[in-house]
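[1] Sequence first, predicted coordinates after that:
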Amino acid sequence: MVAVLVYVKIHIKLELGSEWEVNLAFVEAADCVSEPVNREPPSREAQILTLKNTSEFDVLVIGGGATGSGCALDAVTRGLKAALVERDDFSSGTSSRSTKLIHGGVRYLQKAIMKLDIEQYRMVKEALHERANLLEIAPHLSAPLPIMLPIYKWWQLPYYWVGIKLYDLVAGSNCLKSSYVLSKSRALEHFPMLQKDKLVGAIVYYDGDFDIYTS
């Protein structure tokens, strides 16, 4: 895989004592995956009918949360006949109390770089791969999610920008959309309630969002 960041030009200009303009020029060599195509899942009636018409299963999974669903999916991808039963609604228990984010872990990548920890890097790499898998197999439940990070110190802008670009680089072909920089005025257009004092701008990057309540 070739490097994503080929050329960087950072120009910061102070206007009227408060407004910062940042121009970032770069060339990306890695292609980003397109947004998953929406597919309709089978209805509850169709799933119950399939259970009734199948006389024997290799695996029975009890509990339709994150762990149970993952076990059932893993069994099916290995060629086994799997049935999953849940007494309530899917992901209505412990799994309903998560952040609903499908992410590789920006903070883990920071630790990997700062501490030269290869295990942290591998964990981020694997998580980004699984993020792409989940967006692909469950487009009716998941979607790319833009995340805006407000910046209040001028030196943080190039610092965080390089870190987020490395996050895009680690994702490689599983990159959802390229991260980018917003000026102070553009950031306030999106979020007018942001604290304006000392706001420099913002960085936007993409992770995944998982909606367990979509039927």
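    Structure's in. What do you need? Numbering: from 1, shown residues only.
[2] where does the chain dip in pLDDT?
    For the chain, residues meeting the criterion pLDDT under 70 lie at 1-39, 212-215.
[3] the longest helix in it is where?
    Once the chain is assigned using DSSP state H, the helix that runs over the most residues is helix 118-137.
[4] what comes up buried for the next helix or strand after that helix?
    The helix or strand immediately downstream of helix 118-137 is strand 142-151, counting by DSSP states H and E. Across strand 142-151, burial judged by 16 or more other Cβ atoms under 10 Å covers 142, 143, 144, 145, 149, 150, 151. (C-beta placed from N, C-alpha, C; glycine too.)
[5] Just list the residues touching the last one, thanks.
    So that's residue 151. 157, 160, 199, 200, 201, 202, 203 (Cβ atoms under 8 Å, 6 or more residues apart in numbering).
[6] which non-adjacent residue is nearest it?
    The shortest distance from residue 151 to any non-neighbouring residue, by Cβ to Cβ, 6 or more residues apart in numbering, is to residue 200 (4.6 Å).
[7] same question, the second one
    Counting by Cβ to Cβ, 6+ apart, residue 143 lies nearest to residue 209, which is 5.5 Å off, once chain neighbours are set aside.
[8] What of the third one?
    Nearest residue to residue 144 in three dimensions, chain neighbours excluded: residue 176, at 4.4 Å (Cβ to Cβ, 6+ apart).
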